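*Asks:* have a look at this prediction, sequence included:
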Amino acid sequence: MHISEGILAPQILAAGVVIAGAEVAWGLKKTDHDKIVQVAMASSVFFLASLINIRLGPSSTHLSLIGPIGLILGWSAFPAIFVALLLQAVLFQFGGILVLGVNTVSMATAAVAAHLIFGRPVRSGSLKIAASSAFAAGFLAVLLGASLVGMFLSLSDYGMLTAAKTLVAAHIPLGLIEGAAAAFMITFLKRTHPDVLGMAR
């Protein structure tokens with residue numbers, strides 16, 4: 001779901017920087033110092049999972065695991081995803097520096113939304129409820145992230161509306177894969193390290 005450089009209008013890029021800055025600042029404020037290692041590990045998981053990109057016109061699709069990352073980190077997903085995207089832009093030219101704000105908003109907002117909607121049933125529900133909630137979180141986080149990318153593309157140039165709709169539709173199969181991965185990850189953690197899920201309170 002990386003948006004490439006040279007596509008968005010300057011005002012959209014500026015809005016992305018402002019919103020992402022506020023999100024990252026809030027995420028840092030909500031991050032406990034003793035959880036920094038877990039945040040760094042989740043950032044690394046996102047970084048590695050999204051290295052394989054498949055181009056889809058002005059954007060790309062890739063595994064991201066933003067659903068389970070949001071469930072595990074909560075608000076801390078904002079700085080975790082920002083750092084991973086920054087390193088990808090600098091080291092591999094995925095996305096870019098100018099679109100870093102917009103890409104952060106698209107993916108980190110979707111991750112935190114997964115936490116806000118599904119975090120409680122994942123933490124306090126039975127294993128079956130946690131698995132189904134995690135699947136829904138993984139699936140919907142991908143579609144929300146793709147929808148935000150599509151929104152930014154459409155706001156920048158209305159002629160990209162068709163490409164934006166295609167982008168969202170193309171992420172439906174990926175959402176199913178991410179949902180299954182999220183269900184597996186969360187049920188494993190709930191069985192073995194439930195304290196990790198508690199950090200997103």
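*Replies:* Good, I have the coordinates.

*Asks:* off-centre distance for stretch 177-189?
*Replies:* Here stretch 177-189 is found 15 Å from its chain centre; the criterion is Cα atoms, centre = their mean, to the nearest Å.

*Asks:* which positions in that stretch come out as buried?
*Replies:* By 16 or more other Cβ atoms under 10 Å, the buried positions in stretch 177-189 come out as Glu178, Gly179, Ala181, Ala182, Ala183, Met185, Ile186, Thr187, Leu189. Backbone N, C-alpha and C define where each C-beta goes, glycine included.

*Asks:* surely the last one meets Ala183?
*Replies:* No. Because the distance of 11.1 Å does not satisfy Cβ atoms under 8 Å, Leu189 is recorded as not touching Ala183.

*Asks:* now stretch 95-102 - C-alpha only, CSV.
*Replies:* Output in CSV follows, covering the C-alpha atoms of stretch 95-102 (Å, rounded to 0.1, in the frame of the first residue of the first chain):
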residue,chain,number,x,y,z
GLY,A,95,7.3,4.8,-1.2
GLY,A,96,9.5,7.8,-0.6
ILE,A,97,10.4,10.6,1.8
LEU,A,98,7.8,13.1,0.4
VAL,A,99,4.9,10.6,0.7
LEU,A,100,6.1,9.2,4.1
GLY,A,101,3.4,11.1,5.9
VAL,A,102,0.6,9.9,3.7
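
*Asks:* which ones are touching Val102?
*Replies:* Ile3, Leu8, Ile12, Leu13, Ala15, Gly16, Ala20, Phe152 (Cβ atoms under 8 Å, 6 or more residues apart in numbering).
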